[in-house]
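Trainee: this one's sequence-less:
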C-alpha cells in the first residue's frame with residue numbers, strides 16, 4: 001500500500017526531528033492539537049505513548065522505519081499546511097484522519113507489540129512512562145539525566 005499523497009515529504013522532516021532530539025516539541029504540539037474525536041483520540045494517544053516510551057528509553061522494540069513513519073504521521077497531524085489546510089472548518093481534519101489511519105495500518109504489527117509490552121507493565125510504571133511533563137524542556141531534561 002503506497003503512502004498517501006503529500007505524506008512522503010514529512011518522512012525526511014521526521015528523520016531530522018528525531019536526529020536532532022526534537023521529539024518532545026512534537027509530542028507537546030500533538031497534545032495541544034489533540035483530536036476531540038473518540039477513536040482518533042485513542043489512536044493518537046497510542047502513537048504519542050509509544051513515542052514517549054521510546055524517548056525515555058523504556059521501549060526500543062520498534063524498527064527505525066516504523067518510528068519515522070509514526071513521527072511523520074504525527075508531524076502531518078499537527079501541520080496546519082498539508083493536503084487540506086486545517087483551518088478549513090469541517091474538512092480540514094479529513095486528510096489528517098486519512099493519514100493517521102494509513103500510519104496505523106502500516107505499523108499495525110509494531111503497535112500490537114507495543115500494546116503487548118504496555119499490557120505487561122505495572123500501572124504505576126506506565127503512569128511514569130506515559131506522563132507528559134508540563135513543558136517540552138522538562139521532557140528534554142528527563143532524557144539527559146537518565
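Mentor: That came in fine, so what should we check first? If you're wondering where the values come from, they're calculated on a predicted model, not measured in any experiment.

Trainee: contacting residues for the residue nearest to residue 59 when sequence neighbours are not counted?
Mentor: Spatial nearest neighbour of residue 59, excluding adjacent residues (Cβ to Cβ, 6 or more residues apart in numbering): residue 53 at 3.7 Å. The way it works is simple: take the backbone N, C-alpha and C, and place the C-beta from them, glycine included. Applying Cβ atoms under 8 Å, 6 or more residues apart in numbering, we find residue 53 in contact with 59, 114, 117-118, 129-130.

Trainee: Narrow these to those that are buried.
Mentor: 59, 114, 118, 129-130 (16 or more other Cβ atoms under 10 Å).

Trainee: thought residue 78 was touching residue 33?
Mentor: Yes - between residue 78 and residue 33 there is a contact at 5.3 Å, judged by Cβ atoms under 8 Å.

Trainee: What's the biggest helix in the protein, counting residues?
Mentor: helix 38-55 (DSSP state H).

Trainee: quick one on the thing from earlier: any chance of the buried ones among the contacts of residue 53 in CSV, plus secondary structure and pLDDT?
Mentor: Converted to CSV, the buried ones among the contacts of residue 53 look like this (DSSP: H, G, I helix; E, B strand; the rest coil; pLDDT from 0 to 100):
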residue, secondary structure, pLDDT
59, coil, 96
114, helix, 97
118, helix, 96
129, helix, 91
130, coil, 91
